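Peer 1: pasting the structure only:
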Ligand SMILES: NC(=O)C1=CN([C@@H]2O[C@H](COP(=O)(O)OP(=O)(O)OC[C@H]3O[C@@H](n4cnc5c(N)ncnc54)[C@H](OP(=O)(O)O)[C@@H]3O)[C@@H](O)[C@H]2O)C=CC1
Ligand SMILES: CC1=C(/C=C/C(C)=C/C=C/C(C)=C/C=O)C(C)(C)CCC1
């Protein structure tokens with residue numbers, strides 16, 4: 001009997017997929033790590049990573065009894081090649097079946113009031129962070145001819161939003177990079193999935209809002225500063241409250257479905273992104289956002305969540 005049991009256990013362990021997730025100190029990364037680690041069929045062994053291990057308590061608490069079993073916490077800073085190498089090398093056989101590139105940060109406000117260094121940090125984290133991870137992990141996946149790369153992008157990887165110029169640029173970079181890479185990946189039987197959430201209520205929302213409120217707007221003209229304060233910041237919380245999903249919602253969606261190449265998680269938001277695909281000239285989404293923002297409709301998404309019907313010409 002004993003050898004039979006151990007063979008069965010061995011088979012189960014073999015079938016267990018190893019998952020590496022970045023940015024697990026809070027939000028989507030934390031929720032996904034915990035959800036996968038708590039999987040009833042124990043399908044996953046999760047390496048939940050974060051850049052600063054002093055922030056691990058929230059994850060450790062949420063992981064509960066899975067900690068040290070189906071969930072392990074490791075240090076990984078997506079802005080450091082060395083940290084990525086050390087983390088990946090510490091995983092048995094460097095085996096990563098599923099990579100979730102989640103670590104990211106926001107930045108809002110008029111570009112006149114942001115430094116190039118601040119913008120560089122956003123690109124370095126959101127875009128080059130993904131590139132660094134893949135440079136380390138992709139060759140192993142190619143060799144094995146198996147692997148799934150899940151990237152937390154954003155609806156802003158498809159359509160820019162007022163005062164999110166650099167953040168949107170970083171997510172557009174992610175999308176262009178992945179769209180190109182997906183063709184090669186297919187040759188190696190690898191799957192790439194871009195997850196495109198709309199607003200999600202996490203630390204991200206708080207950090208971005210607080211930074212926006214503290215921003216020194218003296219380098220901007222009065223009209224721009226007023227637009228940022230009295231249109232963007234004023235409506236920000238309401239937009240997140242009426243449209244926002246939770247980190248758990250996003251985790252559930254990722255786990256429930258085998259995501260296609262692009263997956264928008266928020267059906268309330270799709271009317272806005274559909275405009276992009278509906279008009280190859282590109283005027284329709286810009287005109288629509290313009291009208292929403294500047295024609296007495298600071299908040300385009302009413303509390304019940306239904307979006308107004310877009311029209312294509314400015315009044
Ligand atoms: N919230 C939203 O509205 C949306 C978010 N997204 C995307 O979802 C992803 C997760 O964000 P979300 O959960 O909302 O926000 P959180 O702020 O809650 O989580 C972001 C995570 O990324 C980590 N991080 C930041 N920089 C680095 C780095 N250099 N190396 C490793 N980890 C890092 C943070 O760590 P630390 O605690 O150390 O700062 C944190 O764990 C991001 O890519 C974001 O762009 C997409 C659409 C909407
Ligand atoms: C607040 C606000 C707007 C919308 C903001 C949104 C929708 C933010 C979404 C953020 C996301 C998705 C972040 C992460 O990727 C509008 C429409 C410009 C109108 C002016 C005020």
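Peer 2: Ah, there it is. This structure is a prediction, so every number in the text was calculated from the model and none was measured. Ligands and ions are numbered 1, 2, ... in the order given.

Peer 1: Pull up the residues of the stretch 201-315 of the chain that are close to ligand 1.
Peer 2: Proximity of the stretch 201-315 of the chain to ligand 1, by CB under 6 Å from any ligand atom, involves residues 202-205, 207, 247. Bear in mind the C-beta positions are built from the backbone N, C-alpha and C, glycine included.

Peer 1: Sort out which of those are buried, if you could.
Peer 2: 202, 204-205, 247 (16 or more other CB atoms under 10 Å).

Peer 1: returning to that earlier point: with secondary structure and pLDDT as added columns, please give the residues of the stretch 201-315 of the chain next to ligand 1 in TSV.
Peer 2: Below are those laid out as TSV (DSSP: H, G, I helix; E, B strand; the rest coil; pLDDT from 0 to 100):
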residue	secondary structure	pLDDT
202	coil	98
203	helix	97
204	helix	97
205	helix	95
207	helix	97
247	helix	98
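
Peer 1: ok, what's across the strand from the one residue sitting closest to the centre of the chain?
Peer 2: Residue closest to the mean C-alpha point of the chain, counted by CA atoms, centre = their mean, is residue 152 at 2.8 Å. Judged by DSSP bridges, the bridge partners of residue 152 are residue 195.

Peer 1: Next, the contact list for it, please.
Peer 2: Neighbouring residues of residue 152 by CB atoms under 8 Å, 6 or more residues apart in numbering: 28, 100-102, 104, 195, 197, 250.

Peer 1: which residues of the chain score low on pLDDT?
Peer 2: Scanning the chain for pLDDT under 70 picks out 1-14, 296-315.

Peer 1: how close does residue 178 sit to residue 262?
Peer 2: Residue 178 sits 9 Å away from residue 262, going by CB to CB, to the nearest Å.

Peer 1: So for these two, which residue has more residues nearby?
Peer 2: For the pair residue 178 and residue 262, the greater number of neighbours falls to residue 178 (22 against 18), based on other CB atoms under 10 Å.

Peer 1: Quick one: name the residues of the chain near ligand 2.
Peer 2: So far as CB under 6 Å from any ligand atom goes, the chain lies against ligand 2 at 154-156, 161-162, 198-199, 231-232, 235-236, 239, 292-293, 298, 300.

Peer 1: which stretches of the stretch 151-300 of the chain form helices?
Peer 2: Along the stretch 151-300 of the chain, counting by DSSP state H, counting those that start in this stretch, helices occupy 165-187, 203-214, 222-227, 234-243, 247-256, 270-278, 283-294.

Peer 1: among these, which is nearest residue 127?
Peer 2: helix 165-187 (4.2 Å; CB to CB).

Peer 1: For the helix or strand that contains residue 82, what is the distance to the chain centroid?
Peer 2: Take DSSP states H and E as the rule and residue 82 turns out to sit in helix 81-89. Mean-position distance between helix 81-89 and its chain equals 21 Å (CA atoms, centre = their mean, to the nearest Å).

Peer 1: Does ligand 1 have contacts with whatever helix or strand comes next after that helix?
Peer 2: Scanning forward in sequence from helix 81-89 by DSSP H and E, the next helix or strand is strand 98-101. No - Strand 98-101 is not in contact with ligand 1 by CB under 6 Å from any ligand atom; minimum separation 7.9 Å.

Peer 1: quick one on the thing from earlier: quick check: neighbours shared by residue 178 and residue 262?
Peer 2: Counting by CB under 8 Å, 6+ apart, the residues touching both residue 178 and residue 262 are residue 194.

Peer 1: check contacts around the nearest residue to residue 175 once chain neighbours are set aside.
Peer 2: Leaving aside its sequence neighbours, residue 175 sits nearest to residue 157 (CB to CB, 6 or more residues apart in numbering; 4.2 Å). Shown in contact with residue 157 (CB under 8 Å, 6+ apart): 168, 171-172, 174-175, 194, 196.
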